[in-house]
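In: for reference, the sequence and a predicted model appear below.
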Amino acid sequence: MITAEALTKNYGTKRAVDSVSFTVQPGKVTGFLGPNGAGKSTTMRMIVGLDRPSIGNVTVNGRKYAEHAAPLREVGALLEAKSVHKSRSARTHLRALAATHSIPKKRVDDVIELTGLEAVATKKVGGFSLGMGQRLGIAVALLGDPQTLILDEPVNGLDPEGVLWVRNLARYQAAQGKTVFISSHLMSEMALTADHLIVIGRGRIIADAPIDQVIGGTNVPTCRVKTDSAEELMNALAAQDVQLTRLDAATVEVAGLDGRAIATRAMETGIMIYELTPVKQSLEAAYMALTQDEVEYHSHVGNPLTTANSGKQA
């Protein structure tokens with residue numbers, strides 16, 4: 001279990017994490033989401049003692065990370081996968097870490113096999129691809145068979161097979177009663193992996209709930225309607241809180257009304273509709289709605305060449 005209480009981190013005048021409190025429960029996968037600069041990595045670093053909180057505290061399995069006599073057996077963390085001596089082989093690196101906690105060499109061989117590193121176990125880490133570096137980082141996290149796993153962007157650089165492997169690994173670990181805390185920018189993958197979500201924006205928690213509640217809590221009823229009278233239907237449904245989008249000649253997407261309300265209005269105005277399909281809210285849409293005011297940097301749609309040359313004169 002991970003417990004944060006009023007966790008705050010200041011860097012000079014900038015407050016990166018602002019009085020954050022949450023609990024990551026065992027037996028489930030908890031996703032940690034937020035825009036770039038929201039405070040995710042800083043929070044994870046404070047959990048494992050790499051950054052000292054300015055205010056508040058955080059414990060793992062009931063103690064601060066530094067108070068654990070054998071931290072690798074309590075907490076497995078992947079934060080900076082490339083933070084490895086480049087001239088060491090994967091096996092040498094893992095054996096050196098294992099020796100600090102009296103972890104047997106057999107366990108090193110086990111995690112090498114588990115993470116698919118057998119073919120490169122004797123190669124220098126400096127020559128590893130991004131994906132192989134991630135696998136080695138995960139192997140380190142699993143080395144002590146810890147009760148708690150903290151994985152920052154674990155699928156970064158992995159191919160589809162590797163992404164599926166990480167998903168199954170996370171869910172298996174949680175099913176064993178362990179605490180699994182994962183950050184990711186891949187909404188589609190998080191939707192398949194996480195049971196619970198904590199969303200942070202500008203250093204503050206903006207959502208902390210089961211994934212279904214996070215998606216449902218921002219859900220605006222949306223339906224796609226097919227009719228031979230699309231324009232007439234849009235005029236009939238037009239209202240302040242209703243968003244209408246013409247997808248093609250016969251299809252209108254209606255946000256803000258449920259299927260019954262749409263069908264009732266169509267019947268009242270004599271418009272025949274021949275298809276009415278509810279559109280289920282996605283995690284990505286829910287996340288964007290939650291964080292729309294929390295993004296530090298916004299991208300703008302446009303032609304980059306036109307933008308780059310807009311100040312030049314002919």
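Out: Cool, the structure landed. All figures in this text were calculated on a predicted structure; none of them were measured in a lab.

In: OK, contacts around the residue positioned nearest the centre of the chain?
Out: The residue lying closest to the centre of the chain (Cα atoms, centre = their mean) is residue 184, at 3.0 Å. Going by Cβ atoms under 8 Å, 6 or more residues apart in numbering, residue 184 touches 31, 33, 153-155, 190, 193. No exception for glycine: its C-beta is placed from N, CA and C like everyone else's.

In: go again using 10 Å as the cut-off
Out: 31-33, 40, 151-156, 163, 166, 190, 193-194 (Cβ atoms under 10 Å, 6 or more residues apart in numbering).

In: the residues you listed: which two are farthest apart?
Out: 40 and 163 (19.3 Å; Cβ to Cβ).

In: what does residue 239 show for phi and psi?
Out: phi -160, psi 170 (degrees, to the nearest 10).

In: contacting residues for it?
Out: Counting by Cβ under 10 Å, 6+ apart, residue 239 touches 256-257, 265.

In: please repeat the previous calculation with a cut-off of 8 Å.
Out: By Cβ under 8 Å, 6+ apart, the neighbours of residue 239 are residue 256.

In: ok, now residue 186?
Out: 155, 163.

In: and it, how far is that from residue 211?
Out: To residue 211, residue 186 is 14 Å away according to Cβ to Cβ, to the nearest Å.

In: likewise residue 125?
Out: Residue 125 is 35 Å from residue 211, by Cβ to Cβ.

In: same thing with residue 238?
Out: Distance from residue 238 to residue 211, counting by Cβ to Cβ: 34 Å.

In: strands of the stretch 201-314 of the chain, start to end?
Out: Per DSSP state E, counting those that start in this stretch, the stretch 201-314 of the chain carries strands over the ranges 204-210, 222-227, 243-246, 251-255, 273-278.

In: got the ones you listed as TSV, with mean neighbour count columns?
Out: Putting the strands of the stretch 201-314 of the chain into TSV (neighbours: other Cβ atoms under 10 Å) gives the following:
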stretch	mean neighbour count
strand 204-210	17
strand 222-227	20
strand 243-246	14
strand 251-255	18
strand 273-278	14
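
In: which stretch among these comes nearest residue 171?
Out: strand 204-210 (15.2 Å).
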